[in-house]
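>>> dropping a prediction and its sequence here:
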Amino acid sequence: MTTPDRVHPAWLPPEAFRAIGSRRTLVLGDGLLAETVHDEVAQASARYGGSVRRAGDGPYDLVLALTTAEALPGVAGEVRPDSAIGDEGYLLARRDGVTVVLADEPAGLLYGLFHVVRLGERAFAGERPAEHHRPAVRRRMLDHWDNVDVHPVMGQVERGYAGGSVFWRDGAPRGDLVRVRAYARLLAACGINAISVNNVNVHATEAHLLTDRLGDVAALADVFRPYGIRVHLSVSFASPVVVGGLPTSDPLDEDVRKWWADVTGRVYDTIPDFGGYVVKADSEGQPGPFAYGRDHADGANLLAEALAPYGGVVHWRAFVYNHRQDWRDRSTDRARAAYDHFAPLDGRFRDNVILQVKHGPIDFQPREPVSPVIAAMPATRVAVELQVTQEYTGQQRHVCYLAPMWREVLGFRPWGADGSDVADLVGGGDLVAVSNVGDDPYWTGHPLAQANLYAFGRLAWEPRLDPVAILDEWIDLTFVPAATGDTERLRRTLHEIMDDSWRTYERYTAPLGVGFMVRPGHHYGPDVDGYEYTPWGTYHFADRDGVGVDRTRATGTGFTGQYPPPWSEVYESLADCPDELLLFFHHVPYGHVLRSGSTVIQHIYDTHFAGAEQAAEAGRRWEEAVGLFDPALHARVKDLLDEQVRCAEEWRDQINAYFFRKSGVPDAHGRRIP
Ligand code: GCV
């Protein structure tokens, strides 16, 4: 039930359960997840000398009870609220020496248990007035871009940087369900409740997961179920042709509709709590409704109709753009694409369609504005998609703690200071992220990248959490319980290295929001012009005079007009546009003076020298911390930091040299630019 041998326990080391395991616990209630709660406590009790019972008089130190239990004993009965606690919510209180978790549903008990784990000894000290916890976001979902077959270019996991897949290997299920169960447990402990188990690029073998290989999906669903996680599947829009033998996948064709209805019925016969389908259509070569002259609402509604009788949902991705663009054509703007395709369809989607929108308009760059689609579709259920796997943020070789970026996204107010923020918009709905997990012993390749997975789950539960506080939680669960040395120094070291690591990464890579400048294909390391004359629509337009993309209405692509005021005006204005996004929205001369007072060219030099130096400083901090961490983990992170320092210097030198050669403007501080 716990972590398999040779696999790092991440944020659930046995020691994290010491406080619970050394006490007397009552678990009151039935149902699969209540069993899970009981088993978790029983295992901890066996290790630390406590006890757990399912009934009977106390005394108890901890009571985890369903409100539906016949008689709630003592304090549990006293703190029981009059109103509903809610599906996944729980009430946490402590009175007269008894800590109580009350929930209406077993899922709430499970989340309450993990809350007590997070608190550790603090859960059993003093008094605690009743606190009501419930998730802000209803579906907190991870998408795996895992292939069943090893793809000739993308491998076992597309954009995976942590070894193979935890689910699949060489065309078959990996079969290591103990590992999957350990994964389910980690995910539940940070609040995830939905998972899609295969890549959104659905290749030939993977298309069969929907039909003759459905058993492979069911086996995973059986393992995720006891941890309250529902399984979803990425499907090909062309499934009726590819696996159904029909001549068409036209969404308005009667046979196609019937095919989806039948297939979906069989899915629910096999997996009664199946979550639904994830679809990437008409995007980067994936099939879709355009082939039949239909639009995305026609396509999404087809699948939604098949899923509706069972309460399933379609996550229909809005990542649709022309990846065969002519780079000479300055009028086509990839940033505009999702809005142009989808905003006109607002109101046409069935209510079990969830439009899944990447948080930025392009593609998970270290800095992008928030996608205007998120605010443009009031009559559509919209999910925001984040990327935990570090495709463009250092590929789990660089430390890049992403929670501060996600927090900024979630805190963005599309209608200005008095309006809702993105967290409000996804509240009650869906937050989705691409997983960074593989079969690596540390789960995420870079051991410190575990924090990103943990933080995603926690932010999905409570989008207003402070990233530094989340990091504290993660450190206190992952490292402190088993630490023998100076735990304050351990905490300090990790904060020094991680708190600002996203901004450090931003400093030494592409400047001022312009994005890309990465090696084409694999996307690691610098290549300033790598994408400049390609069909992918990701350009910076640097010449001898200046750099940046003119996306204004006045003289550019008009993308700024996709935002409501005030942002349509703020981004349009050279004077008001935030520095960090300047080159995303404007093409400016190198001598343009930023709001910070620096020129663009000097800003490029300064941030690149600073970013590379900060990476080096992180490396030094880590070396000093030898002895505070498990030696194998320390060695792994040290090797990775060495690579980060090397790569950051490469970024610094290529970016600085490129812009020095283009502009001819020397560094004001006379530093060496190769
Ligand atoms: C799964 C980017 C990535 C692709 C990914 C795509 C997507 O383009 O580079 O690997 O495909 O996004 O989100 O669908």
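That came through, no problem.
>>> now the residue located most distally from the centre of the chain, nearest residue through space, not along the chain?
The C-alpha centroid of the chain is most remote from D57, which lies 43.7 Å away (C-alpha atoms, centre = their mean). In space, and not counting its chain neighbours, D57 is closest to P73: 7.2 Å by C-beta to C-beta, 6 or more residues apart in numbering. Every C-beta, even on glycine, is put in place using the N, C-alpha and C of the backbone.
>>> could you report the neighbour count for the one you found?
For P73, the neighbour count with other C-beta atoms under 10 Å is 19.
>>> where do the helices sit along the stretch 401-550 of the chain?
Assigned by DSSP state H, counting those that start in this stretch, the helices in the stretch 401-550 of the chain fall at 403-411, 422-426, 450-461, 467-478, 487-498, 501-508.
>>> hmm, I was thinking of the stretch 251-400 of the chain
Under DSSP H, counting those that start in this stretch, the stretch 251-400 of the chain gives helices at 254-270, 296-307, 337-342, 373-376.
>>> nearest to the ligand, out of those?
Minimum separation from the ligand across the helices of the stretch 251-400 of the chain (C-beta to the nearest ligand atom) falls at helix 337-342, 11.5 Å.
>>> export the closest one as PDB, just CAs?
What follows is helix 337-342, C-alpha atoms only, in PDB (Å, rounded to 0.1, in the frame of the first residue of the first chain):
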ATOM      1  CA  ALA A 337      -6.000  31.300 -33.000                       C
ATOM      2  CA  ALA A 338      -7.800  29.800 -30.100                       C
ATOM      3  CA  TYR A 339     -10.000  32.800 -29.600                       C
ATOM      4  CA  ASP A 340     -10.700  33.100 -33.300                       C
ATOM      5  CA  HIS A 341     -11.800  29.500 -33.500                       C
ATOM      6  CA  PHE A 342     -13.700  29.200 -30.300                       C
END
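>>> state which helix of the chain is the longest.
When the chain is parsed with DSSP state H, its longest helix is helix 631-663.
>>> in it, what's buried?
Buried residues in helix 631-663, counted by 16 or more other C-beta atoms under 10 Å: 633-634, 636-638, 640-641, 643-645, 647-649, 651-656, 658-660, 662-663.
>>> now do it: which elements does it pack against?
helix 501-508, helix 600-624 (3 or more C-beta pairs under 8 Å, 6 or more residues apart in numbering; DSSP states H and E).
>>> which residues of the stretch 151-300 of the chain fall in strands?
For the stretch 151-300 of the chain, strands defined by DSSP state E, counting those that start in this stretch occupy the ranges 155-157, 168-169, 172-173, 194-196, 230-234, 276-279.
>>> most packed of the ones you listed?
Highest mean neighbour count among those (mean count of other C-beta atoms under 10 Å): strand 276-279, with a mean of 28.
>>> and the ligand, is it touching that?
No: figure legend: strand 276-279 not in contact with the ligand (C-beta under 6 Å from any ligand atom); closest approach 10.4 Å.
>>> partner strands of that strand, with direction?
Partners of strand 276-279 in the sheet, by DSSP bridges, are strand 230-234 (parallel), strand 313-317 (parallel).
>>> which SS class is the residue lying closest to E572 once chain neighbours are set aside?
The shortest distance from E572 to any non-neighbouring residue, by C-beta to C-beta, 6+ apart, is to T560 (4.4 Å). Of the three states, T560 takes helix according to DSSP: H, G, I helix; E, B strand; the rest coil.
>>> list the contacts for T560?
Applying C-beta atoms under 8 Å, 6 or more residues apart in numbering, we find T560 in contact with 551-553, 567-568, 571-572, 585.
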